[in-house]
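A.B. asks: sequence plus predicted model, see below.
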Amino acid sequence: MTSLTKGNASGHPGSGDANLLINEVVGVPGGVGTEARAARAEALDAWLGSLFPDREGIALVAVGGLGRRECAPYGDLDLVLLHAGVPGIEELAGSLWYPVWDAGLRLDHSVRTVAEALSVAQDDVKVALGLLDARYLAGDRALADQLIRTATDHWRRTAVRQLPRLREITTARWATHGELAFLLEGDLKEAAGGLRDVGILRAIATAGVTDALRPAVRAAHRRLLDTRDALHQQVGRRVDRLVAQERDGVAKLLGLEDGDALLRRVAGDARTVSHALDDAWRAADRLRSGRRRGADGRPVRRPVARDVVEHDGELVLARTAIGARPDPSLSLRVAAAAAVTRLPIARATCEWLSAYCPPLPAPWPPAALAALITLLGAGPGLVPAWETCDRYGLVDRWLPEWTRLRSLPQHNPVHRFTLDRHLVQTAYEASRHTRDVDRPDLLLLGALLHDIGKGLAAGDSGGPEPAGTFADHSTIGAPLAEAVATRIGLPDTEAALIGTLVRLHLLLPDVATRRDLSDPKTVAGVAEQVGDTTTLDLLHALVRADAAATGPAAWSDWKGRLIAELVARVRTALDTGVVPAPPAPDPALVAGPLPVVHLGEDRVSVAAADRRGLLATVAGCLALHRLEVISADAATVDGRALVECRVQPRYGLAPDPVALTADLRRAVGGDVSVTQRLRGRALAARGQGAAPRVVWHREAATDAVLLELRAADAAGLLYRVTCALDEAGAQVRAARISTLGGDVVDAFYLVGGWPSDADRERVEAAVLAAV
């Protein structure tokens with residue numbers, strides 16, 4: 001009721017901590033559940049009634065959570081002081097609001113006549129919704145009843161006209177807060193499918209547009225309220241976002257096994273609410289626009305696909321499709337038609353398909369496979385069509401594996417969606433690249449199945465694996481995906497290719513960001529695993545789709561350039577059988593007086609007299625200027641040392657090029673003052689987190705051994721590690737830096753064979769000590 005209120009506790013000097021447990025004020029035991037919420041409401045009613053003076057022409061009305069008797073442990077009070085024009089109303093209001101503020105409770109309040117309240121509601125649809133929750137607390141009951149009755153009648157008369165504006169506001173809120181069913185840290189109130197949407201369903205039901213509050217919705221609403229109660233209890237303050245660190249505690253309060261079980265329950269409830277609201281919006285649209293009728297007065301029916309007809313803006317089955325032996329591919333064909341036309345499937349049609357459509361045989365008939373490919377390649381229509389079918393159990397009929405994947409959390413911070421939504425979103429993103437590959441159908445299927453092994457791998461975190469390993473979900477998922485591909489009707493060779501795509505779907509980003517692309521052994525190794533250019537193109541498209549579906553942190557321009565560079569070099573090797581030669585150094589670096597410093601858009605190149613520790617000095621200087629090093633290459637040409645780094649600003653702001661150039665020149669020239677600044681900054685920036693780990697790869701490079709560091713990210717980390725390597729006598733010819741959320745996987749190419757266990761242990765100890 002934002003527009004109806006005149007003030008709240010947050011700006012009042014006597015508001016206390018504004019997070020006081022309601023129970024501490026009204027003396028009600030804490031708790032989670034319907035009975036606890038009702039007890040809090042009854043106690044608040046009594047307490048507020050005791051504050052209200054005995055005067056005619058005034059009434060106290062509750063709206064919001066108290067109006068609905070849904071008081072959360074740390075909820076707000078939303079109150080309206082109604083009056084009939086009595087004198088001294090402002091003083092009376094103060095005598096009522098101040099005790100609430102002094103008790104430390106958050107308060108939204110307003111003082112209105114009935115006419116004023118209705119006038120505001122007429123101009124603001126959110127206020128109109130708020131008045132539907134109005135409930136008499138104290139004072140003149142007739143006055144309160146007049147407001148409640150009139151507000152409800154007004155809403156019923158005007159709802160059809162006001163619902164489009166309400167839908168605009170709701171859509172904007174969804175764009176801000178996302179979909180609760182698929183978010184790992186969703187807002188229980190504001191996200192799509194949350195408590196705010198239940199209020200909209202209640203308003204639509206009050207208007208008589210449709211039966212929006214079916215038993216399943218009421219049960220989902222009750223569980224979401226329980227979850228919010230438990231979240232308040234767990235955190236000790238008012239909060240609606242279910243963040244990862246609180247999930248296990250909230251789950252325990254609700255009697256659930258763990259945080260993952262909680263997240264899956266919340267996802268199911270949010271889906272129930274979202275689907276009910278989608279149905280309600282469509283009913284409202286039909287009521288507002290009127291039915292399209294033909295000359296005979298009947299609603300217009302338009303064929304859109306085999307056995308599928310549009311009827312009143314929804315897809316229904318053609319009469320000829322309904323028989324004693326329905327086609328097993330019918331549900332898939334209906335879903336494909338919905339995705340292509342972007343029209344919703346009627347609820348009755350979904351229920352009929354769920355009840356009567358027979359299971360698909362193995363292998364699938366060609367019509368079913370064709371419908372699945374059409375569905376996956378439909379673009380924006382895919383997600384809503386898939387979600388509708390999933391809600392009615394149709395997806396489980398197509399893919400029995402989906403039961404395990406549904407609402408599965410992905411704990412890696414780069415992921416924004418649960419696993420099932422991530423897979424469907426990846427297929428949608430892959431549809432943007434179907435013209436870039438020879439087999440778009442296999443790209444779409446590979447996108448849908450690429451993470452099918454998640455949740456089965458030991459210790460699977462829902463994110464990328466450590467460098468150099470494709471065990472866990474990639475390896476486990478490959479035979480599962482191949483079996484699915486065989487079951488849905490693909491030939492053995494194509495099913496095997498699906499398995500290859502799943503097994504190698506992390507290969508390109510892993511190698512591009514963590515290996516030296518100029519090393520012939522790197523390119524040859526990728527070419528050997530990929531095998532042919534068709535698979536290479538499919539993997540390249542799948543990588544881009546996977547990253548786009550994962551979230552903004554999973555992709556960047558530099559990552560895209562590195563992967564494209566790797567793909568180009570591997571393609572050359574596959575086409576010609578010859579591994580491309582390493583690129584020649586920049587001619588400007590191998591000539592002219594030293595030192596040489598060149599700054600590009602995302603590159604920093606330095607040439608200086610050959611000496612130990614040059615890479616560490618350059619890395620530290622870049623860290624001093626808040627530049628992250630993505631990759632670094634060091635070489636010696638004609639007695640001069642060359643260091644070339646790809647960089648990006650750590651905080652999005654580019655450094656002053658003049659200052660950076662000056663510091664680099666002084667640093668590589670051995671200026672002690674610059675070195676001291678670098679070391680002081682690096683020591684102050686040591687990171688915290690889990691224990692770091694070093695992994696050796698002795699066969700990964702042509703002329704070097706690969707030392708891989710996995711540790712918490714921190715400013716200056718590359719400088720500290722390269723200093724430690726230099727002091728341990730290791731020469732670094734290349735470094736690749738990969739950041740995964742708050743962690744890094746940094747790969748260092750150490751020149752030489754390093755066969756001695758003792759020497760490797762000494763270097764490893766030095767690196768770990770630096771971290």
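C.D. replies: Looks like it came in fine.
A.B. asks: Ala36 contacts Asp229, doesn't it?
C.D. replies: Yes. Here Ala36 lies in contact with Asp229, judged by Cβ atoms under 8 Å, at a distance of 6.8 Å. To be clear about C-beta, it is placed using only N, CA and C from the backbone, and glycine gets the same treatment.
A.B. asks: contact partners for Gly49?
C.D. replies: 60, 137-138 (Cβ atoms under 8 Å, 6 or more residues apart in numbering).
A.B. asks: look up how far Leu254 lies from it.
C.D. replies: 32 Å (Cβ to Cβ, to the nearest Å).
A.B. asks: with Trp281 instead?
C.D. replies: 31 Å.
A.B. asks: name the helix or strand of the protein that has the lowest mean pLDDT.
C.D. replies: Here the helix or strand of the chain ranked lowest by mean pLDDT, DSSP states H and E is strand 7-8, holding a mean of 41.
A.B. asks: name the residue closest to the centre of this structure, please.
C.D. replies: Centroid-nearest residue in the chain: Arg416, 1.6 Å away (criterion: Cα atoms, centre = their mean).
A.B. asks: for Asn412, see how far away the residue nearest to that residue when sequence neighbours are not counted is.
C.D. replies: In space, and not counting its chain neighbours, Arg416 is closest to Gly551: 4.0 Å by Cβ to Cβ, 6 or more residues apart in numbering. Per Cβ to Cβ, Gly551 is found 10 Å from Asn412.
A.B. asks: and if you look at Asp602?
C.D. replies: Asp602 is 26 Å from Asn412, by Cβ to Cβ.
A.B. asks: of those two, which one has the most company?
C.D. replies: Asn412 (19 against 16; other Cβ atoms under 10 Å).
A.B. asks: quick one: that one from Val111, how far?
C.D. replies: For Asn412, the distance to Val111 - Cβ to Cβ - is 51 Å.
A.B. asks: residues contacting Leu517?
C.D. replies: Going by Cβ under 8 Å, 6+ apart, the list of residues near Leu517 reads 511, 523, 562, 565-566, 569.
A.B. asks: confirm that it sits in a helix.
C.D. replies: No. Going by DSSP: H, G, I helix; E, B strand; the rest coil, the assignment for Leu517 is coil, not a helix.
A.B. asks: re earlier: make TSV out of the contacts of Gly49 and add neighbour count, pLDDT and distance to Pro358.
C.D. replies: Putting the contacts of Gly49 into TSV (neighbours: other Cβ atoms under 10 Å; pLDDT from 0 to 100; distance: Cβ to Cβ, whole Å) gives the following:
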residue	neighbour count	pLDDT	distance to Pro358
Leu60	20	93	60
Leu137	21	92	57
Ala138	21	90	61
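A.B. asks: what sits opposite the closest residue to Leu589 other than its chain neighbours in the beta ladder?
C.D. replies: The spatially closest residue to Leu589, leaving aside those adjacent along the chain, is Ala607, at 4.1 Å (Cβ to Cβ, 6+ apart). With DSSP bridges as the criterion, Ala607 is bridged to Val596, Leu642.
A.B. asks: for Val629, same thing?
C.D. replies: When assigned by DSSP bridges, Val629 has beta-bridge partners Val647.
A.B. asks: ok, now which ones touch it?
C.D. replies: When contacts are counted by Cβ under 8 Å, 6+ apart, Val629 touches 619, 622-623, 645-647, 718, 735, 737.
A.B. asks: can I get those in CSV with pLDDT and secondary structure?
C.D. replies: Shown next, in CSV, are those (pLDDT from 0 to 100; DSSP: H, G, I helix; E, B strand; the rest coil):
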residue, pLDDT, secondary structure
Ala619, 88, helix
Leu622, 89, helix
Ala623, 86, helix
Cys645, 88, strand
Arg646, 86, strand
Val647, 87, strand
Leu718, 86, helix
Ala735, 86, strand
Ile737, 81, strand
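A.B. asks: tell me the one of those residues nearest Leu574?
C.D. replies: The nearest member of the contacts of Val629 to Leu574, counting by Cβ to Cβ, is Arg646 at 25.4 Å.
A.B. asks: quick one: low-confidence residue ranges for the stretch 301-450 of the chain.
C.D. replies: For the stretch 301-450 of the chain, no stretch has pLDDT under 70.
A.B. asks: how close does Thr739 get to Leu132?
C.D. replies: 49 Å.
A.B. asks: looking at the two, which has the bigger crowd around it?
C.D. replies: Legend: neighbour count by other Cβ under 10 Å for Thr739 and Leu132, higher for Leu132 (20 against 16).
A.B. asks: retrieve the pLDDT associated with that one.
C.D. replies: With respect to pLDDT, Leu132 scores 92.
A.B. asks: same check, this time on Ala682
C.D. replies: Per-residue pLDDT puts Ala682 at 51.
A.B. asks: please apply the same query to Arg247.
C.D. replies: Note on Arg247: pLDDT of 92.
A.B. asks: which residue packs closest to Ala718, ignoring adjacent ones?
C.D. replies: No Ala there; residue 718 is Leu. Nearest to Leu718 is Ala619, by Cβ to Cβ, 6+ apart, at 4.4 Å.
A.B. asks: how about the contacts made by that neighbour?
C.D. replies: 629, 632, 645, 718-719, 722 are the contacts of Ala619 under Cβ under 8 Å, 6+ apart.
A.B. asks: got JSON lines for those, with distance to Pro655 too?
C.D. replies: Listed next are the contacts of Ala619 as JSON lines, based on distance: Cβ to Cβ, whole Å:
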{"residue": "Val629", "distance to Pro655": "13"}
{"residue": "Ala632", "distance to Pro655": "17"}
{"residue": "Cys645", "distance to Pro655": "13"}
{"residue": "Leu718", "distance to Pro655": "16"}
{"residue": "Tyr719", "distance to Pro655": "16"}
{"residue": "Thr722", "distance to Pro655": "20"}
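A.B. asks: out of those residues, which is nearest to Pro303?
C.D. replies: For the contacts of Ala619, the nearest to Pro303 is Val629 (60.2 Å; Cβ to Cβ).
A.B. asks: buried residues of the helix or strand where Val745 lies, list them for me.
C.D. replies: Secondary structure assigned from DSSP states H and E places Val745 in strand 743-751. Residues 743-750 are the ones in strand 743-751 that count as buried (16 or more other Cβ atoms under 10 Å).
A.B. asks: for those residues, give me a markdown table that also has pLDDT and distance to Arg421.
C.D. replies: Shown next, in a markdown table, are the buried residues of strand 743-751 (pLDDT from 0 to 100; distance: Cβ to Cβ, whole Å):
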| residue | pLDDT | distance to Arg421 |
| --- | --- | --- |
| Asp743 | 76 | 24 |
| Val744 | 82 | 28 |
| Val745 | 85 | 27 |
| Asp746 | 88 | 32 |
| Ala747 | 89 | 32 |
| Phe748 | 91 | 37 |
| Tyr749 | 91 | 39 |
| Leu750 | 92 | 42 |
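A.B. asks: domain ranges for this protein, per the record?
C.D. replies: Taking automatic domain parsing as the reference, the chain has its domains at 2-161, 178-289, 422-583, 594-770.
A.B. asks: need these in TSV (columns: distance to Glu168).
C.D. replies: Listed next are those as TSV, based on distance: least, Cβ to Cβ, whole Å:
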stretch	distance to Glu168
domain 2-161	9
domain 178-289	12
domain 422-583	24
domain 594-770	32
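A.B. asks: show me where the stretch 651-771 of the chain has its helices.
C.D. replies: For the stretch 651-771 of the chain, the helices defined by DSSP state H, counting those that start in this stretch occupy 657-668, 672-684, 717-727, 757-770.
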